[in-house]
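Engineer: predicted model follows, preceded by the sequence.
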Amino acid sequence: MSDSTALAHEAPEHGHEAHPAYLRHHFENTAQQADAAGFAMWLFLLTEVMFFGGLFTAYLIYRNWYYPAFVEASHQLNVVWGTLNTAVLITSSFTMAMGVWCAEVRKQSGLVLCLVLTFILGIGFLGIKTVEYKEKIEKHHVPGFHYSLKSFVDPQSDPEIYKEYHDKPLALDMARHTEVYFSLYFAMTGMHALHMIIGIAILVFMIFRARAGAYTAGHVTFVENFGLYWHFVDIVWIFLFPLLYLISRHQ
Amino acid sequence: MSSTIVSLPDQSTARIPKVNFYTKENGLLSWLLTGDHKRIAILYLISITFFFFIGGALAGLIRLELLTPQSDLMATDTYNKVFTMHGVVMIFLFLVPSVPATLGNFFIPLMIGAKDLALPKINLLSWYLYIAGGTLVIFTMATGGVDTGWTFTTPLSTHYVNTNVLSTGLAVFIAGFSSIFTGLNFIVTIHKMRCPGMTWFRMPLFVWAHYAASILMVLGTPVLAIAIVLVALERTIGIGIFDPTKGGDPLLFQHLFWFYSHPAVYIMILPGMGVISETISTFSRKRVFGYTAVAFSSVAIAVFGFFVWAHHMFIMGISNYSMLVFSLLTMLVAVPSSIKIFNWAFTLYKGSITFETPMLYTFGFMGLFTIGGLTGVFLGTSGTDIHLTETYFIVAHFHFVMVGGMLMAFLAGIHFWWPKMTGRMYPEKISQLAAVVTFIGFNLTFFPQFILGVLGMPRRYAAYPPEFQILNVFSTAGATVLGVGYLLPILYLTWSLKYGAIAGDNPWQATGLEWQIQSPPLTENFPVTPIMDHEAYDYEWLEKQREKEVASVG
Amino acid sequence: MTDQKEMEESQHHVVSPMIYIIVGSLLLVLTGVTVWASFQEWGNFNAVAALAIAVVKAMIVVLFFMHVKYSSKLTKLTVFCGLFTFLTLVGMTLSDYISRAWGTW
């Protein structure tokens, strides 16, 4: 690598502290390095916004075209689970923000606790998601895998849902469009869950590094930037929840 | 052409500097695990040249098939695969990374006085992602290719073909991330790593052009990524998002695809325009006319470029309202490009023009890009587009801007910065010959295609009515000449690595920080962090420097 | 250079945990509100309300959890650019779909 020790250090440019080990040599000082890293993270989040943007575009088009199908299909999602998941994710965002604060004020045990809590809440979110997905699979509401129109052409065959919403039976062609709803449901929540899984994996790495004191010696960039990522994943869910679960719960 | 601005050191005593970024470390791993932006640029240069020749071979096959009206050289299905792979390779593996990943990577840190890009490891990752994408494309070709056209239009790509759509899609997805990370790196570097005194308006226009292209890379490419993911899901699971029988809309794919692919053409051309700003200034010995206008027009192209994508979809079923709006906006996006052409022309006025190879390619660019751009106006006008779209007019249009424009700009840049990257000059006479041969070959290949398009020959057809044959023969003849024109640089540039004249620091007597250091540069670029105290393209400052040098030596 | 000062300020500013507690609680409350709202009969306004609440929630996450309120102008501009491009994609694509049923001119 080009980090050769033969590089002459221009001493006056290096600021007042003898430069720390984590300063990369192409930066003038740690402030520039942290600033650049944060900016880079924000740019990466922009790419994520545009990536999910395509899915939101598709959703908005098809909800507009097939509103009755979307309403009835969304009744198949459990509001309690969805709300609980939202609360779990919001709390995990809170614990993550607290974690960043702990890193900034150099409270190592606080940081580890916050990261562990965030991890547990993240796992909790995925657990609830698994329960929801299992339900969908059992009821044959997974597009492409023996997708069943039964609940939509004959809502009374699904007593728990019918009790709540008294849906009218859909015409066959509109009932078929519920498959588009579930395609978007699985694509969007699946993509979101994938980002959660990646985030949780990085959290595990961070917990070990935090216990070794890596983030509480003044170098908080990694935790801060991961925090940005985690909050972004939370924001995606903040929009997914009303769009997928709360289309119309009134009758 | 006896006058030249080339000023080389005394060849009897000149040597390549012993310590430079090539010699700093040895061994394969020092290259494969490097963080040095210059080494990564060279790695990219070798890789994209390799893929260029694959794409070129495919082009040769296309032109051979089109010599005769019948589909007699290959089956029509095979022909579909050939032009698809030609498009995929040339766009994603050559044009998109060409200038940014090679010249941009090498020179942006040098031009702004930085030691490296902001994220060297991400830079290396970019290259590996590019190689992974490229390998997957080769794998796709070896296992039967894909025949949907590089545009993967649904529902053909999702429901009606049995070819390697998935692996090509995955390859493009991966290569897309290579592009995203390059753009991300450039934006952070340009914002955060300029040396003291290097204000935004003192940067070379090459940097502005890359900044604008990087915005497009970061914001546009992810939409392509999601479009590919949805096609993959549609093909494998049948989710129905593009399937009319399930209520999906095939046109949605096109909206998502072209939302990236239109800005993509600006991703391809903007860095080339950056090169032209540099060469036109150096070979007229004059600052670029209207620096601010050229800088802002780069950003304007990037911004407006996001508002015009549906002009690729005029005949596909979008609403009349959309046709109107997108057609009007397309007229708007042509304005910043023409501002640049005018400003470059005004740069030439009263300049001291010389005709070294980079300048020959630059003139070629200005003429051919203008023609290509003007024909774009015919295509942006929805009325005429209805007749011209999906014909050879479109093929000619985009080859004029991409090959006559972008590829010539790339060659201009390679020749211009070759002495800085390698320490050696290329041989001038044969390179000027190659430039002229390329220009002639290009016009013979692609000009007849405008006529073919107006006469009604459709694109992507292996067989055509016999009355179109004569123009196709001209086109193929031109392609042969063009091939010679592209082969020559490979030969003489490789030759120059060992036998070229030693170039010295500044053979072109150019302004710009990259010309004030040794050739090839040190790994750390600058022994001391430079302080920028003059404007861009300041030839008076350069004169003063040389006077100082002469005075101190004397 | 003001860039330098802005950079240092945005890095040194530590957001107090009290802000996080307030924002977190507000987010939970708004979640409750949005669920309640979906059970009301507001016709087309239901969708508007749901999106509006989601936008408010996202805004306070961005401003406070993600520190954008205390960040440099560049960060704010970056967030704006992302939002703008996203809205362009959604808005201009939807304008095609919405205008398709308008009939011939």
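Structural biologist: Perfect, thanks for sending it.

Engineer: every contact and neighbour count from this point should use C-alpha atoms.
Structural biologist: Noted.

Engineer: the helices in chain A, which residues?
Structural biologist: Listed in chain order, the helices found in chain A under DSSP state H are A:30-65, A:67-74, A:79-104, A:108-138, A:150-153, A:159-165, A:172-176, A:178-211, A:221-240.

Engineer: what sits up against stretch B:266-278?
Structural biologist: Outside stretch B:266-278, the residues that touch it by Cα atoms under 8 Å, 6 or more residues apart in numbering or on different chains are B:95-100, B:104, B:204-210, B:212-214, B:216-217, B:288, B:298, B:301-302, B:305, B:344, B:362, B:401-402, B:405-407, B:409-410, B:412-413.

Engineer: can you name the residue of chain C nearest chain A?
Structural biologist: C:F39 (4.5 Å; Cα to the nearest Cα).

Engineer: flag every residue of chain C that's near chain B.
Structural biologist: Applying Cα under 8 Å from any Cα of the partner chain, we find that chain C lies next to chain B at C:82, C:85, C:88-89, C:92-93, C:95-97, C:99-100, C:104.

Engineer: and the nearest residue to A:F241 once chain neighbours are set aside, what pLDDT?
Structural biologist: Using Cα to Cα, 6 or more residues apart in numbering or on different chains and skipping residues adjacent in sequence, the residue nearest A:F241 is A:G82, 6.9 Å away. Listed pLDDT for A:G82 reads 96.

Engineer: same question for C:T34.
Structural biologist: pLDDT at C:T34 comes out at 96.

Engineer: hang on, isn't it packed against A:F239?
Structural biologist: No: C:T34 is beyond contact range of A:F239, at 11.2 Å (criterion: Cα atoms under 8 Å).

Engineer: looking at the two, which is more packed in?
Structural biologist: Neighbour comparison, C:T34 and A:F239: the larger count goes to C:T34, with 22 against 18 (by other Cα atoms under 10 Å in any protein chain shown).

Engineer: checking my notes, that one in a strand, right?
Structural biologist: No: using DSSP: H, G, I helix; E, B strand; the rest coil, the assignment for C:T34 is helix, not a strand.

Engineer: what's the distance between B:S382 and B:P9?
Structural biologist: 57 Å (Cα to Cα, to the nearest Å).

Engineer: same question for B:T529.
Structural biologist: 25 Å.

Engineer: swap in B:I318?
Structural biologist: Relative to B:P9, B:I318 is positioned 62 Å away (criterion: Cα to Cα).

Engineer: do the same with A:H19
Structural biologist: Where B:P9 is concerned, A:H19 sits at a distance of 40 Å (Cα to Cα).

Engineer: for B:S382 and B:P9, work out which one has more neighbours and name it.
Structural biologist: B:S382 (22 against 16).

Engineer: just give the number of residues close to the nearest residue to that one once chain neighbours are set aside.
Structural biologist: In space, and not counting its chain neighbours, B:S382 is closest to B:S327: 6.1 Å by Cα to Cα, 6+ apart. Applying other Cα under 10 Å, we find 23 residues neighbouring B:S327.

Engineer: tally of neighbours for B:K498?
Structural biologist: When neighbours are counted by other Cα under 10 Å, B:K498 comes out with 11.

Engineer: what's the helix or strand hosting it packed up against?
Structural biologist: Per DSSP states H and E: B:K498 is located in helix B:469-499. Other helices and strands packing on helix B:469-499, by 3 or more Cα pairs under 8 Å, 6 or more residues apart in numbering or on different chains; DSSP states H and E, are helix B:37-65, helix B:428-455.

Engineer: repeat that for 6 Å
Structural biologist: helix B:428-455 (3 or more Cα pairs under 6 Å, 6 or more residues apart in numbering or on different chains; DSSP states H and E).

Engineer: mind listing what's buried in the helix it packs on?
Structural biologist: B:431-432, B:434-455 (16 or more other Cα atoms under 10 Å in any protein chain shown).

Engineer: contacting chain A as well, which ones from the residues you listed?
Structural biologist: When contact is defined as Cα under 6 Å from any Cα of the partner chain, the buried residues of helix B:428-455 do not meet chain A at all.

Engineer: show me the contacts for the residue of chain B found nearest chain C.
Structural biologist: Going by Cα to the nearest Cα, chain C is nearest to B:S319 of chain B, at 4.7 Å. With contact taken as Cα atoms under 6 Å, 6 or more residues apart in numbering or on different chains, B:S319 is in contact with C:96, C:99-100.

Engineer: TSV for those, including neighbour count and distance to B:V137?
Structural biologist: Formatted as TSV, the contacts of B:S319 follow (neighbours: other Cα atoms under 10 Å in any protein chain shown; distance: Cα to Cα, whole Å):
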residue	neighbour count	distance to B:V137
C:D96	21	34
C:S99	14	39
C:R100	16	38
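
Engineer: so A:R106 makes contact with A:G218?
Structural biologist: No: in this structure, A:R106 is not within contact of A:G218 by Cα atoms under 6 Å, at 7.4 Å.

Engineer: what is the neighbour count of C:I22?
Structural biologist: The burial count for C:I22: 11, using other Cα under 10 Å.

Engineer: show me what counts as buried in the strand or helix carrying it.
Structural biologist: C:I22 is part of helix C:17-38, with elements assigned from DSSP H and E. Buried positions in helix C:17-38, judged by neighbour count with 16+ other Cα under 10 Å: C:20-21, C:23-24, C:27-28, C:30-31, C:34-35, C:37-38.

Engineer: distance to A:Y162 added to the residues you listed, as JSON lines?
Structural biologist: What follows is the buried residues of helix C:17-38, written out as JSON lines (distance: Cα to Cα, whole Å):
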{"residue": "C:Y20", "distance to A:Y162": "41"}
{"residue": "C:I21", "distance to A:Y162": "39"}
{"residue": "C:V23", "distance to A:Y162": "37"}
{"residue": "C:G24", "distance to A:Y162": "35"}
{"residue": "C:L27", "distance to A:Y162": "31"}
{"residue": "C:L28", "distance to A:Y162": "29"}
{"residue": "C:L30", "distance to A:Y162": "28"}
{"residue": "C:T31", "distance to A:Y162": "25"}
{"residue": "C:T34", "distance to A:Y162": "23"}
{"residue": "C:V35", "distance to A:Y162": "19"}
{"residue": "C:A37", "distance to A:Y162": "21"}
{"residue": "C:S38", "distance to A:Y162": "18"}
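
Engineer: determine which two of those are furthest apart.
Structural biologist: With Cα to Cα as the measure, no two of the buried residues of helix C:17-38 lie farther apart than C:Y20 and C:S38, at 27.0 Å.

Engineer: longest helix anywhere in chain C?
Structural biologist: Chain C, longest helix under DSSP H: helix C:73-98.

Engineer: that one - contacts with which helices or strands?
Structural biologist: The elements that helix C:73-98 packs onto, with contact taken as 3+ Cα pairs under 6 Å, 6+ apart, are helix A:30-65.

Engineer: what is the least confident helix or strand in chain C?
Structural biologist: helix C:2-12 (a mean of 59; mean pLDDT, DSSP states H and E).

Engineer: give me the nearest residue to the residue of chain B closest to chain C, chain neighbours excluded.
Structural biologist: C:R100 (4.7 Å).

Engineer: is that neighbour part of a helix or strand, or is it coil?
Structural biologist: Applying three-state DSSP: C:R100 is helix.

Engineer: so what touches the helix or strand of chain A with the lowest mean pLDDT?
Structural biologist: Least confident helix or strand of chain A, by mean pLDDT, DSSP H and E, is helix A:159-165 with a mean of 88. Residues outside helix A:159-165 that contact it (Cα under 6 Å, 6+ apart) are A:Q156.

Engineer: can I get the CA coordinates of it in CSV?
Structural biologist: Extracted in CSV, the C-alpha atoms of helix A:159-165 (Å, rounded to 0.1, in the frame of the first residue of the first chain):
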residue,chain,number,x,y,z
PRO,A,159,-63.2,-15.1,9.1
GLU,A,160,-60.7,-13.1,11.2
ILE,A,161,-60.1,-10.5,8.5
TYR,A,162,-63.8,-10.4,7.5
LYS,A,163,-64.9,-9.8,11.1
GLU,A,164,-62.8,-6.6,11.2
TYR,A,165,-63.3,-5.1,7.8
